[in-house]
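**Q** here is my input; please provide its structure:
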Amino acid sequence: MSQKISKDTPLAEITLRRYEKPYDLGERELVKKICLSLGLLQPGDSRDMIVDIFLVLLNARKDKKILSSKTIEELATKEREKANVPILGISAPNIRRQLKRLKDLFLIEFIDNGYRVVEFEKLSVLFDEKIKEFYLKNIISRVKEYLDEIDK
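**A** Residues are numbered from 1 along each chain as shown. Model prediction:
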């Protein structure tokens with residue numbers, strides 16, 4: 001009987017992509033590139049509801065507003081209409097799933113029965129503190145352990 005030492009389920013993962021510099025992009029297109037760059041959206045994916053959800057939360061950050069998932073759903077629908085993109089992916093379960101993805105990447109948090117960008121902080125600060133210094137550092141450290149082990 002063989003003993004399974006570890007599962008092939010990752011404890012953490014991140015996808016990072018590099019695109020052209022952000023010249024002359026509208027607000028929605030810029031948020032879309034951020035989502036693509038952070039692996040929250042796949043290239044060519046038409047199911048981009050996460051873009052509008054994140055855009056709504058980034059706009060709420062300016063006024064330091066905490067939004068309920070229902071309010072996010074309503075505002076994201078308006079963003080899609082304003083951008084003249086199909087109203088697809090608007091369902092409570094999908095909204096919650098996309099919010100969880102943003103939360104898992106330490107970009108937003110659930111507080112006082114609503115969601116906000118973590119501490120209304122700048123995204124560049126969140127990226128440095130949460131993703132680069134914490135999340136990515138831990139992933140790289142574990143990959144290095146595997147590399148060191150194979151090199152023995």
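
**Q** so which bits of the helix or strand hosting Leu58 are buried?
**A** In this assignment (DSSP states H and E), Leu58 forms part of helix 49-62. Neighbour-count burial for helix 49-62 flags 49-61 (criterion: 16 or more other C-beta atoms under 10 Å). C-beta here means a position set from N, CA and C on the backbone, and glycine is covered the same way.

**Q** find the nearest non-adjacent residue to the residue positioned nearest the centre of the chain, please.
**A** In the chain, the centroid-proximal residue (C-alpha atoms, centre = their mean) is Leu102; its distance is 3.6 Å. With C-beta to C-beta, 6 or more residues apart in numbering as the criterion, Leu102 has its nearest non-adjacent residue at 4.5 Å, and that residue is Ile108.

**Q** that neighbour pairs with what?
**A** Listed beta-bridge partners, Ile108: Val117 (assigned using DSSP bridges).

**Q** that one: neighbour count?
**A** Neighbour count for Ile108, taken as other C-beta atoms under 10 Å: 24.

**Q** distance of Asp112 relative to Pro86?
**A** Between Asp112 and Pro86 the computed distance is 33 Å (C-beta to C-beta, to the nearest Å).

**Q** okay, now the unreliable bits of the chain?
**A** Residues of the chain meeting the criterion pLDDT under 70: 1-6.

**Q** quick one: residues contacting Val117.
**A** 57-58, 60-61, 107-108, 123, 126 (C-beta atoms under 8 Å, 6 or more residues apart in numbering).

**Q** I misspoke; the intended subject was Arg101.
**A** Per C-beta under 8 Å, 6+ apart, neighbours of Arg101: 40, 50.

**Q** quick one, the helix or strand where it lies and helix 49-62 angle?
**A** Arg101 is part of helix 92-104 when elements are defined by DSSP H and E. On the basis of axes from the mean of the first three to the mean of the last three C-alpha atoms, to 10 degrees, helix 92-104 is oriented at 60 degrees to helix 49-62.

**Q** list the buried residues in helix 92-104.
**A** 94-95, 98-99, 101-102.
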